[in-house]
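J.: Mind folding the following:
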Amino acid sequence: MIEVGAKAPEFTLPDHAGQEVSLSDFAGRRVLLAFYPLDFSPVCSDQLARYRGIQAELDAADVTMFGISVDSAFAHKAFRDHLGIETSLLADFEPKGAVAEAYGAYLGPAGHSNRSLVLIGPDGVVEWVHETDTPLDVPGPNLILEAIRA
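T.: Numbering: from 1, shown residues only. Now for the predicted structure:
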């Protein structure tokens, strides 16, 4: 997993609408990357739905959150619509898992990322990370709120 204090690797990925999103587009802002394994799995659905409940706090703290998985932009759009969430979902689809790999969140043998959170400061430096022991664990929204306030 990427270390706190490291420069966050730059990336450009398509979002759920097919628009290119780059980390550098958010220079000067805090960004939370929520790596998750796969769209439409029960645990991932629960995780992203739970994060919907802290959107107001993220907005108040001027933090932009992105969900990232190896699914395609088309799958992300359907998943986002299914969950009724506003969070932008980024497709780490091709080369598969390259961004997750750059952040140390990719589980190669499984073919998807672990459930990992990375908070990046306005200067592009990693402020906080959280990696679950297994993709079946869900980091609660309270962890995110505590990290943002710290």
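J.: Would you check how far apart the residue lying closest to residue 17 once chain neighbours are set aside and residue 66 are?
T.: Here the nearest residue to residue 17 in space, its sequence neighbours aside, is residue 77; by CB to CB, 6 or more residues apart in numbering that works out to 6.8 Å. The C-beta positions use only the backbone N, C-alpha and C, and glycine is treated the same way. Remark: distance between residue 77 and residue 66 (CB to CB, to the nearest Å) = 14 Å.
J.: If we ignore the residues flanking it in sequence, what's nearest residue 11?
T.: In space, residue 11 comes closest to residue 99 once its chain neighbours are excluded; the distance is 4.6 Å by CB to CB, 6+ apart.
J.: That neighbour is in contact with residue 14, isn't it?
T.: No. Assessed by CB atoms under 8 Å, residue 99 is found out of contact with residue 14, at 11.5 Å.
J.: you'd agree residue 82 is in a strand?
T.: No. Counting by DSSP: H, G, I helix; E, B strand; the rest coil, residue 82 falls outside a strand, being helix.
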